[in-house]
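> I would like the atomic coordinates for the input below:
(2 chains, ligands or ions: 3)
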Amino acid sequence: MSRELELTEVAPLPGGESLTAEGLERLIGPFRRGAVPEPAEEMGFYTDTSVCIGCKACEVACKQWNQLPADGFTFSGNSYDNTGALSAESWRHVKFVEQFSVWEAGGGDGGAMPGRWLMMSDVCKHCVEAPCQHACPTGAIIHNEFNNVYIQPDICNGCAYCIAACPFGVITRSTLDNHAHKCTLCYDRQKDGLVPACAKACPTASIQFGPVEELRERARTRVEELRRRGVADAWLYGHEPTAGYSRLNAFYLLLDRASVYGLPEAPRNPWLSMRGDYLRAVLSVLPPLAVLITALLRGR
Amino acid sequence: MRAEPPPRPSPLSYAERPATKVPNWHGLVVLDVLFNNLSTGLYLCAAVGELLAPAAFAGVAPWAYRAALAFLVADLVCLILDLGDPLRFHHMLRVWKPSSPMSLGTWALVGYSLAVGLLATAGLLPGAAAFDAGRRVLVLAGMVPALAVALYKGVLFSTTAQPGWREARWLGAFLVNSAFHFGAALTLVLAGLLRQQDAVAGLRAAAVALGLLHLGALLLVVFDIAPFLRAVRSPARLVELGLVVVGAGILLPMLCFSLGSRGGDLLGLAAMLAGGIMARDELVHLPHRLQHAAGGAAARLRA
Ligand code: SF4
Ligand code: SF4
Ligand code: SF4
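Ligands and ions are numbered 1, 2, ... in the order given. Prediction:
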């Protein structure tokens, strides 16, 4: 498994040299720098949840393309969601929300709102200002030339700081290789001019891939159209920056509050607090230092 | 038509689950935070003592640096073993990234390791006494990375998205003040064991007074995270925690140190360590316990 996810492999050398060479490569390899690619057009996802049918083709396509292991056959009891959550082994997660309490209240006589299913294919948000990228102490997490957030699997050492930093709970550490993994926005396919596997597989165009500016325009038009057709609750999540968070390069058209889909209502970039926290910590050095100096001078 | 039932969220709805995922940080991280504070506290107290009262601290400081080095090694072992891939620890050194408290902390640890390593072993080298001026410069210079090591850890936790940690604006300040208190207590015990009475008087006063700052900083953190503590701990458990963390960890040591006996100093230090471990365990595991509490509440609703 870890081999499948590695970008670089040490070519075995003949005889007993291979072990030494591999050891040396392990030591100095991470310090080598490749050529930085030219910035390309910013690419991303616009996920229109209003047309998602919960088929999970995206989940399957992602697993297949990225050779991710199955999650096992666990029955969660939560609607058709047996994937459970995004993780190092599930980079797409289709969520199912059953809203039938209003329908039940109507006694099923058709007089009340008929209730509804909400479905949403969740993925890494490829945040423009990504807390995971800020956090990563090894530089494994980068914004690549498409301005997508990418974890270099041969660099990550599994410190788990990115997991703590992500407000969306996207990243986990793989139980197979102990490194952090998440959606790459099919970096490999993009470099070859291909559409990401999940978007390619989506039969309803719920997952739309393309230049982010184009997608934002398309999403705005779709919201207007839905509202004209009476879907008053349609709105876009993450297409504009907020006071506490940047734009998302994988943003959503939602039909209910963000929290209904398990998204934070008002995500906040933890790094906004960093300067203040450092300042408080630095200033807090002064009183104990003063006490120590006074006590030691008096005790002389 | 039946009456509208109250909103009945599905027990396992996405809305009820915390949006974040908790990193797999457990006992090793608790120990890492503790050893970090013990090492830097010892170094800082010994360094200030050596710079201000070189004669009084001449017998204590070298042993304090050696103890600080031992705690630092224990800290580094915890840090490395806690990685998913410990053999990739050196990947931390491939970037200098101040936007990441973990990266800043790594580089601070490198600087601090050099300073404390040199000072701990300097006395063992022949002719070291000739370089007294150089040694004092090193002691002073080493205080900068030592302070950085003491303070980065709290900021590392508070600049995450984890409920409980992300609200703890004074966590860095608490750990710094805690480090100074630990340092004064350890140096006091060390000076007592080495029978360095000239150093003891000042250290005793410091170990008592620093307890008040330790307590103040702890209260600031508790004020920030009180709603989260109440969500995961029963009132009775909170009282127990208060007794151990504040009573045994801060107030009892202050009392013990003020008694002026070597036995009292040892008892105070032991109580401080117990309270310190408990406080750190509570802080490190707060997001984990919040996740469990959310799951438990959902399960109860479902039942
Ligand atoms: S959603 Fe999380 S993992 Fe994805 S880029 Fe944003 S912070 Fe990183
Ligand atoms: S787990 Fe890996 S990707 Fe995440 S912050 Fe640590 S080194 Fe970076
Ligand atoms: S873009 Fe690629 S890696 Fe990301 S979810 Fe889709 S298929 Fe998986």
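> OK, contacts around the residue found closest to residue B:45 once you drop the neighbours it is linked to in the chain?
Spatial nearest neighbour of residue B:45, excluding adjacent residues (C-beta to C-beta, 6 or more residues apart in numbering or on different chains): residue B:183 at 3.9 Å. Where you see a C-beta, it was placed from the backbone N, CA and C, and this is true even at glycine. If a contact means C-beta atoms under 8 Å, 6 or more residues apart in numbering or on different chains, then residue B:183 has B:38, B:40-46 as its contacts.
> Report the secondary structure state of residue B:69.
Reduced to three states with DSSP: H, G, I helix; E, B strand; the rest coil, the structure at residue B:69 is helix.
> The nearest residue to it once chain neighbours are set aside: which element?
Sequence neighbours aside, residue B:120 is the residue nearest to residue B:69 in space, at 4.1 Å (criterion: C-beta to C-beta, 6+ apart). In the assignment (DSSP states H and E), residue B:120 maps to helix B:101-122.
> chain center to that helix, what's the gap?
16 Å (C-alpha atoms, centre = their mean, to the nearest Å).
> Does the following helix or strand past it reach chain A?
As assigned by DSSP H and E, the chain's next helix or strand after helix B:101-122 is helix B:132-158. Yes - using C-beta under 8 Å from any C-beta of the partner chain, helix B:132-158 reaches chain A at B:147, B:151, B:154-158.
> How about stretch A:68-86, which residues are buried there?
Neighbour counts over stretch A:68-86 (16 or more other C-beta atoms under 10 Å in any protein chain shown) mark A:68, A:71, A:78-79, A:81, A:83, A:85-86 as buried.
> Chain B next: which of those are close?
Restricting the buried residues of stretch A:68-86 to those within reach of chain B (C-beta under 8 Å from any C-beta) leaves A:78, A:85.
> For residue B:190, grab the count of nearby residues.
Residue B:190 has 25 neighbours, counted by other C-beta atoms under 10 Å in any protein chain shown.
> That one reaches residue B:62, doesn't it?
No - in this structure residue B:190 lies outside contact range of residue B:62 using C-beta atoms under 8 Å: 10.4 Å.
> Output the below-cut-off pLDDT ranges for the stretch 1-150 of chain A.
In the predicted model of the stretch 1-150 of chain A, residues A:1-17, A:101-114 satisfy pLDDT under 70.
> 80 instead, please
A:1-19, A:72-74, A:101-114 (pLDDT under 80).
> which bits of it sit near ligand 1?
Within the stretch 1-150 of chain A, the residues that sit near ligand 1 (C-beta under 6 Å from any ligand atom) are A:124-127, A:130-132, A:149.
> Need those in CSV (columns: distance to chain B).
As requested, these are exported to CSV (distance: C-beta to the nearest C-beta, whole Å):
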residue, distance to chain B
A:124, 12
A:125, 11
A:126, 16
A:127, 11
A:130, 11
A:131, 6
A:132, 9
A:149, 14
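> Which one of the buried residues of stretch A:68-86 is nearest to ligand 2?
Using C-beta to the nearest ligand atom, residue A:86 is the member of the buried residues of stretch A:68-86 that lies nearest ligand 2, at 14.5 Å.
> So for that closest one, what's the nearest residue that isn't a sequence neighbour?
Nearest non-adjacent residue to residue A:86 (C-beta to C-beta, 6+ apart): residue A:93, at 4.7 Å.
> residues near that neighbour, how many?
22.
> quick one, phi/psi of it?
Main-chain torsions, residue A:93, degrees, to the nearest 10: phi -140, psi 120.
> so where do the helices sit in chain A?
Secondary structure of chain A by DSSP state H: the helices cover A:2-5, A:17-28, A:57-66, A:101-105, A:131-135, A:161-165, A:187-191, A:197-201, A:212-228, A:274-283, A:286-298.
> which SS state does the nearest residue to residue B:194 once chain neighbours are set aside fall under?
Excluding its sequence neighbours, the residue lying closest to residue B:194 (C-beta to C-beta, 6+ apart) is residue B:59, at 5.6 Å. Under three-state DSSP, residue B:59 falls in the coil class.
> Next: residue B:98.
Per three-state DSSP, residue B:98 ends up coil.
> how about the nearest residue to it, chain neighbours excluded?
residue B:104 (5.3 Å).
> how far away is the spatially closest residue to residue B:144 that is not a sequence neighbour from ligand 2?
The shortest distance from residue B:144 to any non-neighbouring residue, by C-beta to C-beta, 6+ apart, is to residue B:111 (7.4 Å). Here the criterion is C-beta to the nearest ligand atom, to the nearest Å. By it, residue B:111 lies 21 Å from ligand 2.
> How about residue A:121?
23 Å.
> burial count for that residue?
26.
> Tell me which residues touch residue B:193, please.
residue B:262.
> no, scratch that, I was asking about residue A:189
Applying C-beta under 8 Å, 6+ apart, the residues contacting residue A:189 are A:65, A:195-197.
> repeat for residue B:25
A:160, A:164, B:82, B:284.
> is it true that it lies in a helix?
No - Residue B:25: not assigned to a helix; according to three-state DSSP it is coil.
> Could you list the low-confidence segments of the stretch 51-200 of chain B?
The stretch 51-200 of chain B contains residues with pLDDT under 80 at B:123-133.
> Of all the residues in it, which one is nearest ligand 1?
residue B:161 (8.1 Å).
> number of nearby residues for that residue?
Neighbours of residue B:161 under the rule other C-beta under 10 Å: 26.
> Next: residue B:110.
Neighbour tally, residue B:110, other C-beta under 10 Å: 13.
> Check residue B:267 too.
By other C-beta under 10 Å, the burial measure for residue B:267, its neighbour count, is 17.
> which element is it on?
Going by DSSP H and E, residue B:267 is part of helix B:262-284.
> give the contact list for the most centrally placed residue in chain A.
Central residue of chain A (C-alpha atoms, centre = their mean): residue A:124, 2.0 Å from the mean position. Residues near residue A:124 by C-beta under 8 Å, 6+ apart: A:86, A:91, A:149, A:168, A:170-171, A:182-183, A:185, A:250.
> Would you mind listing what in the stretch 1-150 of chain A touches ligand 2?
Counting by C-beta under 6 Å from any ligand atom, the residues of the stretch 1-150 of chain A that sit close to ligand 2 are A:135-136, A:138, A:140-141.
> at 8 Å what do you get?
When proximity is defined as C-beta under 8 Å from any ligand atom, the stretch 1-150 of chain A approaches ligand 2 at A:132, A:135-141.
> Taking the stretch 201-300 of chain A, what residue is nearest to ligand 2?
For the stretch 201-300 of chain A, C-beta to the nearest ligand atom, closest residue to ligand 2: residue A:270, 13.1 Å.
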